[in-house]
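Enquirer: Predicted model, plus sequence, below.
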Amino acid sequence: MLYLGSFIIFELSMNFNISILLLAVSFTVFSCKNTEKDSNSKQSDKNGGTFVMAENVSVGSIYPISITNQVEGLIVSQIHEALVKLDSKTLEVMPGLAEKWELTPDGKLITFHLTKGAHFQDDKCYEDGKGPEITSKDVKYTLELLATKTDNNYQFNTILKDRLVGVNEFFDKKNSTISGLKIIDDYTFTLELQNPSLSFLKLLANPAVSIVNEIAVKAYGKDLKTGAGPFMYDTSSTSDKIILVKNPNYYLKDEEGFALPYLDTVIVSILPSIEDGLLLFESDKIDLVNTLPSLRVKDVVEKNIQEFISNPPKSLLQREPEMLSQFYVFNTTQKPFDNVKVRQAINYAIDKEKLVDNVLQGQAIGAAVHGITPNTFSGYDIKKINGYSLNVEKAKKLLGEAGYPNGKGFPEVRILVSAGNSRNSSVAVEIQKQLKENLNINVNFESLPDAQKYDLQMRGKSDIYRDAWVADFPSPESFLSLFVGETVSPDSSSSNFPNTSRYQNPQYDSYFKKGRDSNIKDSSYAYFMLAEQLLINDAVIIPLWYEGSYRLLTNRIKGLNLNAMRYYDLTKTYKVK
């Protein structure tokens, strides 16, 4: 039976095979913007309600420049507002705090025009508790903050380094200003790029570049929880329940002039496991489960078949390819994994197809036998990347050449995986078994809370780490930026992000930069292909599979676009009363 929803088609056959296709949406809607700060704006009949979503990745920081995972970014993007946004249907750039912009013909100079009348959220840190209007000086402060070298700034290298004229010199404290940033007036400024870029505007939609106020940052520091976004952080929040409430002075209105956002409250429940999220969804306590346990899909369909086929359905089950890859990361500075032949041997010794078929029971878009980049970017053919398929004889030969014939003398391997998802442990058990059988290598793995695991990973405190990456912006560049070597600290005890492999290869960096700095898509992708092939040749990671998560959504939630990047714009989301 088919259900044609606003964005998905569901087909359930008697053997419960599920085929879900996205409907293409070819138009973009821009909201009208209010030019007055007025908390008494007329309210839509869509107004009100609470939206509850389940996640199982712990939140370490919601200070914009310190975020390191998708859930932190989700929360930051509701509290704060950036210059531009991504359309949650098309993932194309659209206006945010900047209502428009112009590029010079050479693509190197961008003139931005800020929305007049947009304010920061009311907060006790401001005079009289009233949020000030957002002006060009706030943009200047934000970019300078992002370009300041501090222990908790994890985003400079990805977003600004080598992109904005003068930003490297500012970061290195050679100059006191960023020469490529010019303020023209309170609502107009220019950014001068070192090279024209296909990705820079998309990067400005990253929640790490949310516009912040100097008074608020000086008042709260890394505990900043007030911004200019559609929702405000509620102080009753806990580590496992983030509560966000409507910002009554948010600057956007819908097409009919009604105040946004519609929702009164957004709750992000951080659960011990995704299985817990499923139980809460079935008891109507959760509206969205963002990752359904893959081994439970058949059971869920059988148990809830009437909810899926009723007219209208009570629940929606969605699956689509995502801009998300699952992989293991080698600590390339840790012996014996500083030897490329060891890393290659382990890659050849793992049967990824078996992982997908037997452990994940087919619940993946495909085994990652090519590279790290998923097959979700038009014009970027991952099949051209020569990766690793099971070849035990070749694996044994490489391990012998590395000095460990039949695994003799090879040290016990320690793998760190994230707790909260049973499949992480199931995959580790299978890899443990395969490496023992195929290479006579002994493996132990430890399951830790995500924040604890990632802290150890950034500080290089193990051999191999389970990891996954959701695109920060829709480009292969987002995945390949993880391995730029010049950002790795020479101090082995220091924390490294995002390059937790500590991989350094000048040729890789050169290819990556040429791809990053080209404003011609074909040329950019060609260099990215060269970089990715080199990364795979050097076996820096063990690509495992390309993700296509199942999501459960109650049909009472409307105006929510679920996309391949897990990018959420909740300003027009509402709940049917």
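Expert: Received, thanks. Numbers count the residues shown, from 1 in each chain.
Enquirer: quick one: pLDDT of L22?
Expert: Listed pLDDT for L22 reads 28.
Enquirer: Please read the previous query as pertaining to A564.
Expert: 89.
Enquirer: What residues does E144 make contact with?
Expert: The neighbourhood of E144, defined by CB atoms under 8 Å, 6 or more residues apart in numbering, consists of F170, T177, I178. For the C-beta atoms, the positions are set from N, CA and C on the backbone; glycine is no exception.
Enquirer: With adjacent residues omitted, what lies nearest to the second one?
Expert: The spatially closest residue to T177, leaving aside those adjacent along the chain, is F170, at 6.8 Å (CB to CB, 6 or more residues apart in numbering).
Enquirer: Next, the buried residues of the helix or strand hosting A54.
Expert: Assigned by DSSP states H and E, A54 falls within strand 50-55. For strand 50-55, burial by neighbour count (16 or more other CB atoms under 10 Å) applies to F51, V52, M53, A54, E55.
Enquirer: picking that back up, what is the burial count for the residue nearest to T177?
Expert: 22 (other CB atoms under 10 Å).
Enquirer: these two touch, right, G73 and I67?
Expert: Yes. At 5.3 Å, G73 and I67 qualify as touching, with contact defined as CB atoms under 8 Å.
Enquirer: about what we covered before: counting only helices, which of the contacts of E144 make the cut?
Expert: Assigned to helices by DSSP state H, the following of the contacts of E144 qualify: F170.
Enquirer: Make JSON lines from the contacts of E144 and add distance to V356 to it.
Expert: Shown next, in JSON lines, are these (distance: CB to CB, whole Å):
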{"residue": "F170", "distance to V356": "46"}
{"residue": "T177", "distance to V356": "52"}
{"residue": "I178", "distance to V356": "47"}
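Enquirer: List the contacts of the strand holding A54.
Expert: Against strand 50-55 from outside (CB under 8 Å, 6+ apart): 71, 74, 263-271, 274, 276-277, 280-281, 285-290, 557, 560, 570, 573, 575.
Enquirer: Could I have the buried ones of these as ChimeraX selection syntax?
Expert: In ChimeraX, this line selects whichever of the contacts of strand 50-55 come out buried by 16+ other CB under 10 Å:
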select :71,74,263,265,266,267,268,269,270,271,274,276,277,280,281,286,287,288,289,290,557,560,570,573,575
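Enquirer: can you list the weak-confidence ranges in this structure?
Expert: Low-confidence segments of the chain (pLDDT under 70): 1-40, 293-296, 298, 302, 304-311.
Enquirer: Domain boundaries for it, per the record?
Expert: Domain segmentation of the chain under automatic domain parsing yields 57-231, 324-546.
Enquirer: okay, those domains in JSON lines with distance to E255 next?
Expert: Output for the domains of the chain, formatted as JSON lines (distance: least, CB to CB, whole Å):
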{"stretch": "domain 57-231", "distance to E255": "14"}
{"stretch": "domain 324-546", "distance to E255": "25"}
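Enquirer: Endpoints of stretch 468-485, how far apart?
Expert: 19 Å (CA to CA, to the nearest Å).
Enquirer: now Y525: how far from N438?
Expert: 35 Å (CB to CB, to the nearest Å).
Enquirer: Also L560?
Expert: 45 Å.
Enquirer: Also N444?
Expert: In terms of CB to CB, N444 sits 17 Å off from N438.
Enquirer: now do K173
Expert: From K173 to N438 the distance is 51 Å (CB to CB).
Enquirer: Show me which of the two is the more surrounded one.
Expert: In this view K173 and N438 are compared by other CB under 10 Å, and N438 has more residues nearby, 22 against 9.
Enquirer: helix or strand for that one, which one?
Expert: Per DSSP H and E: helix 422-439 holds N438.
Enquirer: moving C-terminal of that helix, what's the next helix or strand?
Expert: strand 443-448.
Enquirer: those helices in the stretch 51-200 of the chain, which residues are they?
Expert: 70-79, 136-146, 156-159, 167-171, 200-203 (DSSP state H, counting those that start in this stretch).
Enquirer: next one: the stretch 451-577 of the chain
Expert: 477-480, 506-516, 521-537.
Enquirer: How far does the longest one sit from its chain's centre?
Expert: Using CA atoms, centre = their mean, to the nearest Å, we find the averaged C-alpha position of helix 521-537 to lie 21 Å away from the chain's own average C-alpha position.
Enquirer: Next, the angle helix 506-516 makes with that helix.
Expert: Put simply, helix 521-537 runs at 160 degrees to helix 506-516, going by axes from the mean of the first three to the mean of the last three CA atoms, to 10 degrees.
Enquirer: could you dump helix 521-537 to PDB, C-alpha only?
Expert: In PDB, the C-alpha atoms belonging to helix 521-537 read as follows (Å, rounded to 0.1, in the frame of the first residue of the first chain):
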ATOM      1  CA  LYS A 521      33.000  22.300  -9.700                       C
ATOM      2  CA  ASP A 522      34.500  19.800 -12.100                       C
ATOM      3  CA  SER A 523      38.100  21.000 -11.200                       C
ATOM      4  CA  SER A 524      37.300  21.100  -7.500                       C
ATOM      5  CA  TYR A 525      36.000  17.500  -7.500                       C
ATOM      6  CA  ALA A 526      38.900  16.300  -9.600                       C
ATOM      7  CA  TYR A 527      41.400  17.500  -7.000                       C
ATOM      8  CA  PHE A 528      39.200  16.100  -4.100                       C
ATOM      9  CA  MET A 529      39.300  12.700  -5.900                       C
ATOM     10  CA  LEU A 530      43.100  12.800  -6.000                       C
ATOM     11  CA  ALA A 531      43.100  13.700  -2.300                       C
ATOM     12  CA  GLU A 532      40.700  10.900  -1.400                       C
ATOM     13  CA  GLN A 533      42.500   8.300  -3.400                       C
ATOM     14  CA  LEU A 534      45.800   9.200  -1.600                       C
ATOM     15  CA  LEU A 535      44.000   9.000   1.800                       C
ATOM     16  CA  ILE A 536      42.800   5.500   0.900                       C
ATOM     17  CA  ASN A 537      46.100   4.400  -0.500                       C
END
